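S.K.: need a 3D model of the sequence below.
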Amino acid sequence: MDLGTVSTTLVLLVLLALAFDFMNGFHDAANSIATVVSTQVLKPWQAVLWAAFFNVLAWAVFHLAVAATVGKGIVEPSFVDSRVIFGALIGAISWNLITWYYGIPSSSSHALIGGLIGGVLPKAGLEPLLWPGILKTAAFILVAPLLGMALGALIMLLVSWICFRQSPRRVDRWFRRLQLFSSAAYSLGHGGNDAQKTMGIIWLLLIANGVTTADRLPTWVVMSCFVAIGAGTMFGGWRIVKTMGQRITKLRPVGGFAAECAGSITLFMATHFGIPVSTTHTITGAIIGVGTTKGSSAVRWAVAGNIVIAWIVTIPASAAIAALAWWIGGVLL
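M.R.: The predicted structure is shown next:
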């Protein structure tokens, strides 16, 4: 393969990665805006602009620990080539499209991790897999929603205690305003964690092609990923909004505030420690936690159960598609 072909392939794969990042924002827009739309604090078009702005602003808030985990902590970079990245991206994008079409709030993050694993397995088997990073990511499939659930319930109970003597109308008025801040914080966490996963994939691709080194992530990669996820959020994933905002449990502004605060705290912690978590899992757990404070009957457990099944299936499904795409990549690349 000559240099011109390598350069063209590299550019096309970077664009494909940014397309995934855009789709990540599109697919996960519901996570950022479902509560604030469902409680009617903001109109949908206002909510997506609000969320997109804070998605992009995350570049000024977070260190790039998650990008380092994805770029250097899931598979050994020396085994990665353009064909592996092609398989990973096709696997993740395909699974995102399937779950978006059926309105299933699955994880773009775990689709990407599954795609990366599936992309490298046909080439070199299990040898390239870095199990500490994979197991840490897999553990947070369970930890992130449980932490979100616990924090959601705790914050809701705390707020209920503080506002015990206030009229429901007054509480609604306060939390309609406060929910603007909680949704902004959640969107910051969403952009900070999710955009970095695509940065890690592009970084891995650039290292494999000798364009950069393992200790230098180019600024243009960072900025383009934040802009792409923000643009995707602006277009929104409307099929999933209803599932997240109303089908799991009915939310009022105070409940939306509690869920978003719980989700943002979880995301901030995970991003600080470089753990690529699912924003979908996190906010779903937080919403369930808020719902449980009104009694178990307030949560539609069948809907929540279907979502959990999608979580479990995401990594193996995207890995299987990625492995198939790796074989196709041998013809195309």
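S.K.: which residues of the protein fall in helices?
M.R.: Counting by DSSP state H, the segments of the chain that form helices are 3-38, 44-57, 65-72, 82-101, 108-124, 131-162, 168-208, 219-235, 238-242, 253-272, 279-292, 301-332.
S.K.: now tell me which helix or strand of the chain has the poorest mean pLDDT.
M.R.: helix 238-242 (a mean of 53; mean pLDDT, DSSP states H and E).
S.K.: tell me the pLDDT at residue 5?
M.R.: Note for residue 5: predicted pLDDT of 48.
S.K.: got it, and residue 251?
M.R.: 66.
S.K.: and what of residue 299?
M.R.: For residue 299, pLDDT reads 62.
S.K.: ditto for the one 5 residues further on
M.R.: pLDDT recorded at residue 304 is 63.
S.K.: tell me where the model's unsure across the stretch 51-200 of the chain.
M.R.: Counting by pLDDT under 70, the stretch 51-200 of the chain has low-confidence residues at 105.
S.K.: let's go with 90 and repeat that
M.R.: Where the stretch 51-200 of the chain drops to pLDDT under 90, the residues are 51-52, 72, 96-110, 137-145, 160, 163-180, 183.
S.K.: identify each buried residue in stretch 271-287, please.
M.R.: By 16 or more other CB atoms under 10 Å, the buried positions in stretch 271-287 come out as 271, 274-287. Where you see a C-beta, it was placed from the backbone N, CA and C, and this is true even at glycine.
S.K.: same check, this time on stretch 154-169
M.R.: 155, 156, 159.
S.K.: what residues does stretch 19-29 touch?
M.R.: 48, 51-52, 55, 89, 92-93, 96-97, 99-100, 108, 112, 190, 194-195, 197-198, 201, 225, 228-237, 240-241, 279-280 (CB atoms under 8 Å, 6 or more residues apart in numbering).
S.K.: can I get the buried part of the residues you listed as one ChimeraX selection?
M.R.: Buried members of the contacts of stretch 19-29, defined by 16+ other CB under 10 Å, are picked up in ChimeraX with:
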select :48,51,52,55,89,92,93,96,99,100,108,112,190,194,195,197,198,201,225,228,229,230,231,232,233,234,236,237,240,241,279,280
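S.K.: tell me the least confident of the buried residues of stretch 271-287?
M.R.: residue 280 (77).
S.K.: from residue 86, how far off is it?
M.R.: Separation of residue 280 from residue 86 (CB to CB, to the nearest Å): 25 Å.
S.K.: can you check residue 284 too?
M.R.: 31 Å.
S.K.: repeat for residue 269
M.R.: 33 Å.
S.K.: which one's more surrounded, these two?
M.R.: Using other CB atoms under 10 Å, the more surrounded residue of residue 269 and residue 86 is residue 86, with 25 against 15.
S.K.: measure the more buried one to residue 175 for me?
M.R.: Taking CB to CB, one finds residue 86 at 46 Å from residue 175.
S.K.: same question for residue 153.
M.R.: 17 Å.
S.K.: which residue, other than its chain neighbours, is closest to residue 104?
M.R.: Of all residues not flanking residue 104 in the chain, residue 310 sits nearest, at 4.8 Å (CB to CB, 6 or more residues apart in numbering).
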